[in-house]
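>>> structure of the sequence below:
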Amino acid sequence: MINVWNKKSQKLLLLLAGISLLAVLMAGCGTGENNTVPESKTVPAEEAPVAAEAEQASTEEAQATATYPLVIKDELGHEVTIPAKPTRIFAPILEDSLASLGIKPVVQWSNGARIQEYLQDQLADVPVITFTKGLPPASEAVMSYTPDLIILHNKNFAENGIYEQYSKIAPTYVFQSATTDFSHSLLTLGEMLGEQEKAAEVLAGYAEKVATAKEKLGTVIEGKKAAVIRFNSKGMFFMTSDYFSGYVLAHDLGLSQPESIQGSTAAVSYEVLPKLDVDYIFLVKDGNSGDTTLNELKESSIWKSTPAVKNGNVFETASEYWLTGGVIAQSKVIDDIVSFMTP
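Numbers count the residues shown, from 1 in each chain. Sure thing, here's the model as predicted:
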């Protein structure tokens, strides 16, 4: 009885094994082209990085070919044709936005007193061109850098025939005011420079930073008002919510400004200080040029009677990134505010 069962068991096992093998072969081979298993190819470990870089370069080249020539209308209505992906960019006062995209300009801007120190970890090897009275004419100094794209951050930079001169050197794009809404201007730069994905990624990171800061600040800033006062050799001025650190406070963090400040371009007078209806005041020195004005203010009895001063809610900085725009600068402003206002 046992022997018979063993023979039957052996036959049954052989039959099941055959069926399993057949099923595997049918699944692996198939009958159509879509079911064909591609030949496996192993790339040696030492060749893998080179192969990856070559593939990435090929992909970027294909994307550039698809994007350019790019025809885009600037914010003054000029039709700008960018024939190929720009590599030599002249964009004074937009170096922050370029750096956030991982791009070095062909030359960087200086106001004549100092360069943008907070960007020098990325731009230390970039030559400097100095503007002491606004954008210079299309001189040999600019032409010597042979830019293949010029980007002007403000419509005022295009006045008095400057745009016509610059557009003869290279395609020239003009913003109405790139620093008023740096999110929009960064996306536009991303489009012109073939870095749309990077621009979106940078803005997403900034939005996350803002959300984290607001969570840390909590009720400290909820429903509160603030003013930013800038000091330079000409006096002291309110920075409105339209630009730079004023924009960060009002639009990003929600520290509103009183109506008396909005749209103000005049110097701040001592008479308005006691009436300044704000919970916090931020004092920003423009280098050393505002030292005298600031020291005189702090010694005055009027200043000492200002509500925010009496409550100990005044914060002082000389960091130049409070006086410029872009993701990097405004991220640093947020870091300062969190540091100032939380234990």
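>>> avg pLDDT for stretch 181-199?
Across stretch 181-199, pLDDT averages out at 96.
>>> buried residues, it. List them.
181-182, 185-190, 192-195, 198-199 (16 or more other CB atoms under 10 Å). C-beta: built from backbone N, CA, C; applies to glycine.
>>> quick one: end-to-end length of it, please.
Its first and final residues considered, stretch 181-199 spans 14 Å by CA to CA, to the nearest Å.
>>> show residues contacting it.
For stretch 181-199, the external contacting residues (CB atoms under 8 Å, 6 or more residues apart in numbering) are 63-64, 67-68, 70, 72, 82, 85-86, 89, 91, 94, 97-98, 100-103, 149, 151, 153, 173, 175, 178-179, 200, 202-203, 206, 325-327, 330.
>>> mind redoing it with 7 Å?
Contact partners of stretch 181-199, identified using CB atoms under 7 Å, 6 or more residues apart in numbering, comprise 63-64, 67, 70, 72, 82, 85-86, 97, 101-103, 173, 175, 178, 202-203, 325-327.
>>> where in this protein is the helix or strand with the lowest mean pLDDT?
Lowest on mean pLDDT, DSSP states H and E among the helices and strands of the chain sits helix 2-29, with a mean of 41.
>>> correct me, but residue 332 touches residue 323?
No: judged on CB atoms under 7 Å, residue 332 makes no contact with residue 323 at a distance of 11.6 Å.
>>> the two: which is more packed in?
residue 323 (23 against 18; other CB atoms under 10 Å).
>>> which residues touch the more buried one?
Per CB under 7 Å, 6+ apart, neighbours of residue 323: 230, 244, 284, 286.
>>> give the bridge partners for the nearest residue to residue 268 once chain neighbours are set aside, please.
In space, and not counting its chain neighbours, residue 268 is closest to residue 236: 4.6 Å by CB to CB, 6 or more residues apart in numbering. On the basis of DSSP bridges, residue 236 is bridged to residue 231.
>>> identify the residues contacting residue 236.
Neighbour list for residue 236: 229, 230, 267, 268, 293, 297 [criterion: CB under 7 Å, 6+ apart].
>>> now swap in residue 238 and tell me
Residues near residue 238 by CB under 7 Å, 6+ apart: 227, 229, 261, 264, 268.
>>> and the one helix or strand it maps to, how far out from the chain middle?
Using DSSP states H and E, residue 238 sits in strand 235-239. Averaged C-alpha coordinates place strand 235-239 at 26 Å from its chain's average position (CA atoms, centre = their mean, to the nearest Å).
>>> next one: stretch 321-332
Offset of stretch 321-332 from its chain centre (CA atoms, centre = their mean): 9 Å.
>>> now do the buried residues in stretch 313-321.
Buried residues in stretch 313-321 (16+ other CB under 10 Å): 313, 314, 315, 317, 318, 320, 321.
>>> out of those, who's nearest residue 307?
Proximity of those to residue 307 (CB to CB) peaks at residue 313, which lies at 8.4 Å.
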